[in-house]
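Novice: Using only what follows, build the 3D model:
(2 chains)
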Protein chains: 2
Amino acid sequence: MGIDVRVCFVGDSLVAGVGDPDHLGWTGRLAARTHQAGWPLTAYNLGVRRDTTADALRRGPAECAARLPAGSDPGVVLSLGVNDTTLEAGRPRIAAPYSAANLDMLLRHCRDARWPVLVVGPPPVDDEAQNDRIAGLDGLFASLCQRRTVPYVSVLPVLRGDPTWRREVFEGDGAHPGRDGYALLADLVLPAWDAWVGGLFSGRWTAPWS
Amino acid sequence: MGIDVRVCFVGDSLVAGVGDPDHLGWTGRLAARTHQAGWPLTAYNLGVRRDTTADALRRGPAECAARLPAGSDPGVVLSLGVNDTTLEAGRPRIAAPYSAANLDMLLRHCRDARWPVLVVGPPPVDDEAQNDRIAGLDGLFASLCQRRTVPYVSVLPVLRGDPTWRREVFEGDGAHPGRDGYALLADLVLPAWDAWVGGLFSGRWTAPWS
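Specialist: Residues are numbered from 1 along each chain as shown, chains lettered A, B, ... in the order given. Got it, this is the predicted structure:
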């Protein structure tokens, strides 16, 4: 039996690609690019609207387990955090240290299941105060992933100043871009994705902390 | 708050779009078509490789519940059956009457949750003996859906004789088509999809058997 790469994308509405008229989002664009370059893979989109790191921790492991059977070459991409920073009654839905702890528990679960992981940071929305909170999370997530030797792609700094992203999010619902914004996000993630998914195809991956 | 249509596609690898270099499958093509016609919707693809009706019954309700919150306009598309008919040790993985019972339990669950349902029948593979078993299931599913007043789209009769479908499945892995086959399947489902999803957008849907 040859290489059988299967990747679960666990995350929120941005992972689900909400607002993209092409219904590909950034995850579908990355999967199609790899497939069309001659590396067919199975991609499972497990993005859910409104999901926080806590929601993903609750459902992610079971949903991934149903899709990553023994004998396949599995991988998990995690992208979460924007919904954690949304205010409810004046407080973030999940306080930043808890967001990082939830991500860490997801990373530990993936390590124990021997699923290689790539983490993509939370993108900006159309609210600068929330973007400051997202930037805080982005920093926490980056250090955590560095400690865990898991690859991390920060996208906030570039997208926050990108006119296309800002315009599409503003003209959309304030949180989701359209076709061009998702294409831009896919381009930002592409180098890290290529390196990571290339590792899955070559079977070169080894568990971190091992 | 306006209409907020969210549709879960529950099924197997054909729902997941395995083999499609565009990573849209038939479900992504339908969602994109509706979106681009001015009806933006959230689509969740919950197709899983190798899943039988029994597997979908086990995971489908929880996965849909996590994605169809109160206050949204929900819908569920079910498409299963091919894997039930695969032989293991000379017998189908799930015998046809049990496949129909599993589908019926899924329909009952959707009815109780007040999720409108559309059922798409199992497509053919590159094995005429298995296609005969799939045809048997297709007939059972059609009668069941008629009894339950749930719309059903039979796709086997057309695809079984379609040269594009047959060629792509043969040149693929024997079970999955490529880009053109998925586009063809989307076209076959389109009229029933348009009528059904139009009902979701208009809020005209009422529970069957009520």
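Novice: any low-confidence regions in chain A?
Specialist: Across chain A, residues meeting the criterion (pLDDT under 70) sit at A:1, A:204-210.
Novice: So which bits of it are right by chain B?
Specialist: Chain A has residues A:6, A:13, A:16, A:18-19, A:21-24, A:28, A:31-32, A:35-36, A:40, A:42-45, A:48-50, A:55, A:59, A:62-63, A:66-67, A:69 near chain B, with proximity defined as CB under 8 Å from any CB of the partner chain. All C-beta atoms are positioned from the backbone trio N, CA, C, and that covers glycine.
Novice: Which of those are buried? Put it as a ChimeraX command.
Specialist: To isolate in ChimeraX the members of the residues of chain A next to chain B that are buried, counting by 16 or more other CB atoms under 10 Å in any protein chain shown, one can use:
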select /A:6,13,16,18,19,21,22,23,24,28,31,32,35,40,42,43,44,45,48,49,55,59,63,66,67
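Novice: A:Asp187 belongs to a helix?
Specialist: Yes - A:Asp187: assigned to a helix according to DSSP: H, G, I helix; E, B strand; the rest coil.
Novice: Report how many residues lie close to it.
Specialist: For A:Asp187, the count of nearby residues is 14 (other CB atoms under 10 Å in any protein chain shown).
Novice: got it, and A:Asp84?
Specialist: A:Asp84 has 26 nearby residues by other CB under 10 Å.
Novice: Identify the residue spatially nearest to it, adjacent ones excluded.
Specialist: Closest residue to A:Asp84 apart from its sequence neighbours, by CB to CB, 6 or more residues apart in numbering or on different chains: A:Ile94 at 3.9 Å.
Novice: in stretch A:167-184, what counts as buried?
Specialist: Within stretch A:167-184, the residues scored as buried using 16+ other CB under 10 Å are A:168-169, A:172, A:175-178, A:181-184.
Novice: what does that stretch rub up against?
Specialist: Stretch A:167-184 is contacted by residues A:13-14, A:17-22, A:24-26, A:29, A:82, A:124-127, A:159, A:162, A:164-165, A:185 when judged by CB atoms under 8 Å, 6 or more residues apart in numbering or on different chains.
Novice: could you flag which of those are buried?
Specialist: Applying 16+ other CB under 10 Å to these, the neighbour count classes A:13-14, A:17-22, A:24-26, A:29, A:82, A:124-127, A:159, A:162, A:165, A:185 as buried.
Novice: Okay, and the beta partners of the residue positioned nearest the centre of chain A?
Specialist: Centroid-nearest residue in chain A, with CA atoms, centre = their mean: A:Ser79, separated by 2.3 Å. Applying DSSP bridges to A:Ser79 gives these bridge partners: A:Gly11.
Novice: In contact with it, which residues?
Specialist: Per CB under 8 Å, 6+ apart, neighbours of A:Ser79: A:9-12, A:14-15, A:47, A:119-122.
Novice: Go through the residues you listed and name the one nearest chain B.
Specialist: A:Gly47 (8.2 Å; CB to the nearest CB).
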